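Asker: Here is a sequence together with a model predicted from it:
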Amino acid sequence: MTTATLINKMFTVNSLKRIISNPNNRTYSKTVNTVIGNQDSVDTNLDALKKVYKYMSKNHRNEYFYKNTLVNKILLGKHSVRTSTAIRELPILNNILDLLIINGTGQVYEIKTGLDNLMRLNDQLSAYYMVFSYCNVVTDMTHLQAIKEMLQGTPTGIILLTDRGTLHVEKKSEEYNDRLDNKTIFNVLRKYEFENIISSEYGFLPDTTQSKYYDACFEIFEKMDVKKSQKYMLKELKNRSYINKNNYGQFNRVPAEIKSLVYFSDYSEIEYRNLNSFLNNKYDGKA
């Protein structure tokens, strides 16, 4: 298994939870030992994670590295988890939106790493504009010029992930509402979310059979002005955040290297305690 594959397998939500419960997890220990080589140079598990992440930042900037940078620099740096929400991997038509950050508006961040190609980019953006009014493409120098040419004269923003790990806005996103579509917006919502919207706007839910309920709800939903339904949708999506006043302090202490892994998990108080214990314990993994 290559170093890149090991890193990809290690930095996932489920993998981190498995590693915390079993620090001798084979994926974890093999990744750390492969990247660092000399086990004596690693002190705690936090030290091990930091060194693997540093290696990733210089040698293998995968999709996780991009998402984690966006979470740290925009959600946490520019905004706050108290007032904003990030959502990852949101299905829209036949596409999976990489990252959405809601702070008043909904900003889409479509990631194109140096490991990706651009073949589907136009189709992806076309789908995202059916739900959201602001879209950005996040990339590095590998694709920057090609993306600039592709998106010239469009409302789509372009953000460069620099070699230093900073985000530089090459082109600011502009509001674009021409493709907004109530059916696509409706399909993004969970059942309780579109029920909340219909109840708030019309004061009732349809009284029909279970087999006809979904279509009956959409028949009511589609009567709304599309900008109004989008506003309702953003409010519902914003409520999907797992970070609240009860766990904000614990989340705030999570190291930057794994911030997005924890953000996109529903950690209990016990899980936060286990995470802190794991990070502070001495690394003794054996590949």
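Answerer: In hand now; what should we look at? Residues are numbered from 1 along each chain as shown.

Asker: which phi and psi does the nearest residue to residue 50 once chain neighbours are set aside have?
Answerer: Nearest residue to residue 50 in three dimensions, chain neighbours excluded: residue 257, at 5.8 Å (C-beta to C-beta, 6 or more residues apart in numbering). Bear in mind the C-beta positions are built from the backbone N, C-alpha and C, glycine included. Main-chain torsions, residue 257, degrees, to the nearest 10: phi -60, psi -30.

Asker: One more: residue 83?
Answerer: According to degrees, to the nearest 10, residue 83 has phi -120, psi -10.

Asker: Count the neighbours of the residue nearest to residue 50 for me.
Answerer: 20 (other C-beta atoms under 10 Å).

Asker: Does it touch residue 68 like I think?
Answerer: Yes - between residue 257 and residue 68 there is a contact at 7.4 Å, judged by C-beta atoms under 8 Å.

Asker: For residue 204, see how far away residue 143 is.
Answerer: Distance, residue 143 to residue 204, by C-beta to C-beta, to the nearest Å: 49 Å.

Asker: Comparing these two, which residue is more hemmed in?
Answerer: Ranked by neighbour count (other C-beta under 10 Å), residue 143 and residue 204 place residue 143 first, with 20 against 9.

Asker: Could you find the closest non-adjacent residue to the more buried one?
Answerer: Here the residue nearest residue 143, using C-beta to C-beta, 6+ apart, is residue 112, at 5.3 Å.

Asker: before we move on, which element is residue 137 in?
Answerer: Here residue 137, judged by DSSP states H and E, is contained in strand 134-139.

Asker: Going by contacts, tell me the helices and strands next to whichever helix or strand residue 274 is part of.
Answerer: For residue 274, the host element (DSSP H and E) is helix 269-280. In this structure, helix 269-280 makes packing contacts with helix 13-21, helix 45-59, helix 248-252, judged by 3 or more C-beta pairs under 8 Å, 6 or more residues apart in numbering; DSSP states H and E.

Asker: three-state assignment of residue 196?
Answerer: Classification of residue 196 using DSSP: H, G, I helix; E, B strand; the rest coil returns helix.

Asker: In contact with the nearest residue to it once chain neighbours are set aside, which residues are there?
Answerer: Nearest non-adjacent residue to residue 196, counting by C-beta to C-beta, 6+ apart: residue 236, 6.2 Å away. Taking C-beta atoms under 8 Å, 6 or more residues apart in numbering, we find residue 236 in contact with 189, 193, 196, 197.

Asker: Following the chain past the helix or strand the second one falls within, name the next helix or strand.
Answerer: For residue 193, the enclosing helix or strand under DSSP H and E is helix 191-202. Under the assignment DSSP H and E, the closest C-terminal helix or strand after helix 191-202 is helix 210-221.
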